[in-house]
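J.: heads up, no residue letters with this:
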């Protein structure tokens, strides 16, 4: 029998194929008839995980912030009160909040500025192996341990480190010293200054900014940029009116990462930087050594509230219009 | 469309740089016969554009007159779109010179050329509503909001989309987006309007309607239109002149009638309206000349006697006509016969004939 005639015969045999049989076959038929059943089956496990384990524990933590600690006995009093939130506004605690939020804002802006050209190159020009190289270059730092990277940076930034050596070789030691002499951002060496903390934050969170911005730019066809130029816009105007607004959702997505990760981190400021606390460190100290769970919980609420306002503001500014 | 935007010499347009500011009044249309040098909107002199080893545009000479509706026709990869991009300034020639209204445009960036493009994918900005899309060019020039919105609304009326300003590009159909892209280009009152297969994404009915409208619009505005298409019907029905491209070269430039009735090469005969190409051997018997000849399918008639013997190889019903495939010796000949005429069966031996003047000699046989 030739292949052609076998094809013809099968076609003639019946218009409806028999069921596959077995429980997988009947399950496939069932799911095809009830697509919602499949959806429910697929969504239930993650919904349980998110709902009970993740959100549940978060709410349990938040509930703690409405309790207070008895200053005399150090015991948690389970009466609803806003007293703990009041403590947040004590100058020492307010300092921590302002310090952390300022650092998060500066890191976010710097990350956006550094990430944009990289992402733009990757989205518009890199093809084939250059694109692969870009992904490896951006992702590679994420493959090594976070602690190793931070300690490596401590060595790089130290007084005896390679940065000081490079500045010396370039006869720019005066510049480094002038920078370190600036109050607040300066210090004895980069590794114990806010500048050092900033550099490490910027390095560690940069991939989280590059990737969303690259994804957003990837969706901007070249014809938009050509059309803008065609309509008389200089490259600068095209950037302002077309590229930037279309990349904005990506920048906002990236900034949510960099901003919230900086708000919550407690390891980087502990290893690199001055000894002054950030929110994450405050939470760590309050729930650990101090045993003040309510204040730790109240500190945890701060980044959540700030991120809420941040997203609300971003939405009002039209950051999500191009999604 | 009662109102329309007066286009040329409008006081508010993009002010081109002095080197490009040659705003002469538009010609009344038609070809000049006075012997005076005609204003060329665009001229190419031995322009090439190579991408690596690929010669996308290869030594092209071309001149497009002001006020002309000029079509660039060719299969994909024939270099027609690259030519358009060279005029727009998105590409720079590898060699040769391009002039727009007599000014050499080497190293003139797209944003300094008073030339606008309607893109194949329309390239409407998704983060702006329709009115801001149309007013984009005017906004870039620094025109006030009220004024540019007024101009944009007029342009939207010109393309029969009044009141669509508040919508987003995503909310419009393909045909509507195409009109918005047209309005966005026209509102800048360009000296040359470039259209890159703008009707390609539309269905047949809408495409025919838009062809009609584009032609009317071009006559009304008097702007030079350069239109790229791979659809020969579109090129023939709309353009004043057509350039047929193949392999980066222009095969033939002429009026639609010239191109259709008197193709100069086998490629043009075949690509434009699928003419029959007669082999030199056969043509020599008929005319004494050793050359290829073209024969329109509608010129071929099936006759009772005194014709050339041919065999019917197939037929397809096209509505108004029936296309009959015939084998004449080793040549395949298509004939278009009116639908009311009876169609001979497959394999039937028939006689075919044509008027002597329907046969057009083309390139010589090598």
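T.: Great, that's in hand. These figures come from a predicted structure and were not determined experimentally.
J.: Backbone torsions only: list them for residue B:116.
T.: phi -120, psi 150 (degrees, to the nearest 10).
J.: Do I have it right that it meets residue A:229?
T.: No - with contacts counted by CB atoms under 8 Å, residue B:116 stays clear of residue A:229, the gap being 10.8 Å. (C-beta placed from N, C-alpha, C; glycine too.)
J.: These two - which one has more neighbours?
T.: More crowded of residue B:116 and residue A:229, by other CB atoms under 10 Å in any protein chain shown: residue B:116, with 28 against 24.
J.: Now do the SS call for residue 165.
T.: Let's take chain A. helix (DSSP: H, G, I helix; E, B strand; the rest coil).
J.: Not quite, go with chain B.
T.: Assignment for residue B:165 (three-state DSSP): coil.
J.: now the strands for chain A?
T.: Per DSSP state E, chain A carries strands over the ranges A:68-69, A:76-77.
J.: can you pull the buried residues of the longest helix seen in chain B?
T.: As assigned by DSSP state H, the longest helix anywhere in chain B is helix B:204-221. Of the residues in helix B:204-221, B:206, B:207, B:210, B:211, B:214, B:215, B:217, B:218, B:221 count as buried by neighbour count, 16 or more other CB atoms under 10 Å in any protein chain shown.
J.: ok, now how distant is residue A:54 from residue A:47?
T.: In this view, residue A:54 and residue A:47 are 10 Å apart by CB to CB, to the nearest Å.
J.: and for these two, which residues touch both?
T.: In terms of CB atoms under 8 Å, 6 or more residues apart in numbering or on different chains, residue A:54 and residue A:47 are not both contacted by any residue.
J.: Surely residue B:73 touches residue B:241?
T.: No - contact between residue B:73 and residue B:241 fails when scored by CB under 8 Å: they sit 10.5 Å apart.
J.: could you point out where chain A is predicted with low confidence?
T.: Applying pLDDT under 70 to chain A picks out residues A:1-12, A:321-323.
J.: can you list the domain ranges for it.
T.: Annotated domains of chain A cover A:20-64, A:83-316 [automatic domain parsing].
J.: Chain B: which of those is closest?
T.: Closest of the domains of chain A to chain B is domain A:83-316, at 3.8 Å (criterion: CB to the nearest CB).
J.: Run through the strands of the stretch 101-250 of chain B in chain order.
T.: B:103-104, B:115-118, B:192-196, B:224-229, B:241-246, B:249-254 (DSSP state E, counting those that start in this stretch).
J.: Which among these is found nearest to residue A:303?
T.: strand B:115-118 (48.1 Å; CB to CB).
J.: Who has more neighbours out of residue B:73 and residue B:241?
T.: Taking other CB under 10 Å, residue B:73 and residue B:241 do not tie; residue B:73 has more neighbours (28 against 19).
J.: any idea how far the longest helix of chain B is from the chain center?
T.: Taking CA atoms, centre = their mean, to the nearest Å, one finds helix B:204-221 lying 13 Å from the centre of the chain it belongs to.
J.: Name the SS class of the residue of chain B most remote from its centre, please.
T.: No residue in chain B has its C-alpha farther from the mean C-alpha position than residue B:305, which lies at 41.5 Å (CA atoms, centre = their mean). Of the three states, residue B:305 takes coil under three-state DSSP.
J.: Kindly state the beta-bridge partners for the closest residue to it other than its chain neighbours.
T.: Sequence neighbours aside, residue B:351 is the residue nearest to residue B:305 in space, at 6.1 Å (criterion: CB to CB, 6 or more residues apart in numbering or on different chains). Assessed by DSSP bridges, residue B:351 has beta-bridge partners residue B:303, residue B:309.
J.: neighbours around residue B:351, how many?
T.: The number of residues packed near residue B:351 is 14, by other CB under 10 Å.
J.: Near chain A, which residues of the stretch 1-150 of chain B are found?
T.: Neighbours of chain A within the stretch 1-150 of chain B, by CB under 8 Å from any CB of the partner chain: B:14, B:88-90, B:109-111, B:115-117, B:119-121, B:123, B:125-127, B:136-137, B:139-141.
J.: how about 10 Å then?
T.: For the stretch 1-150 of chain B, the residues found near chain A under the criterion CB under 10 Å from any CB of the partner chain are B:14-16, B:85, B:88-90, B:109-128, B:132-133, B:135-141.
J.: my guess is residue B:260 meets residue B:296, correct?
T.: Yes - using CB atoms under 10 Å, residue B:260 makes contact with residue B:296 at a distance of 7.8 Å.
J.: Buried residues, the lengthiest helix in chain A. List them.
T.: Using DSSP H to define each element, chain A has its longest helix at helix A:91-124. When burial is assessed from 16+ other CB under 10 Å, helix A:91-124 yields the following buried residues: A:93, A:96-97, A:99-101, A:103-108, A:110-112, A:115-116, A:118-120, A:122-123.
J.: swap in stretch B:245-263?
T.: B:245-246, B:248-254, B:256, B:259-263.
J.: which pair in those spans the largest distance?
T.: Pairwise over these, using CB to CB, the maximum falls at B:248 and B:261, 25.7 Å.
J.: Contact residues of the stretch 201-323 of chain A facing chain B?
T.: A:219-235, A:237-238, A:241-242, A:245-246, A:248-249, A:318, A:321-323.
J.: One more pass at 7 Å, please.
T.: A:221, A:223-224, A:226-227, A:229-234, A:237, A:242, A:245-246, A:321-322 (CB under 7 Å from any CB of the partner chain).
J.: Those in helices, which ones?
T.: A:223, A:224, A:226, A:227, A:229, A:230, A:237, A:245, A:246.
J.: how many neighbours does residue 290 have?
T.: If you meant another chain, say so; for now it's chain A. 14.
J.: Chain B is the one I meant
T.: So residue B:290, with other CB under 10 Å, has 12 neighbours.
J.: what's the answer for residue A:298, then?
T.: Neighbour tally, residue A:298, other CB under 10 Å: 27.
J.: I'd say it and residue A:67 touch.
T.: No - contact criterion CB atoms under 7 Å: residue A:298 and residue A:67 do not qualify, at 9.8 Å.
J.: picking up where we left off before, now the two most distant members of the ones in helices among the residues of the stretch 201-323 of chain A next to chain B.
T.: The farthest-apart pair in those, when distances are taken by CB to CB, is A:230 and A:245, at 18.0 Å.
J.: Have a look at these two and say which one is more surrounded.
T.: residue A:230 (27 against 19).
J.: quick one: that one from residue B:188, how far?
T.: Residue A:230 sits 9 Å away from residue B:188, taking CB to CB as the criterion.
J.: Check the contact lists of the two and give me the overlap.
T.: residue B:116 (CB atoms under 7 Å, 6 or more residues apart in numbering or on different chains).
J.: Which parts of the stretch 251-366 of chain B are strands?
T.: Under the criterion DSSP E, counting those that start in this stretch, the stretch 251-366 of chain B contains strands at B:276-278, B:291-295, B:301-303, B:308-317, B:321-328, B:331-338, B:349-353, B:360-364.
J.: Would you reformat those strands as JSON lines and include mean pLDDT?
T.: Putting these into JSON lines (pLDDT from 0 to 100) gives the following:
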{"stretch": "strand B:276-278", "mean pLDDT": "88"}
{"stretch": "strand B:291-295", "mean pLDDT": "88"}
{"stretch": "strand B:301-303", "mean pLDDT": "88"}
{"stretch": "strand B:308-317", "mean pLDDT": "90"}
{"stretch": "strand B:321-328", "mean pLDDT": "91"}
{"stretch": "strand B:331-338", "mean pLDDT": "90"}
{"stretch": "strand B:349-353", "mean pLDDT": "90"}
{"stretch": "strand B:360-364", "mean pLDDT": "81"}
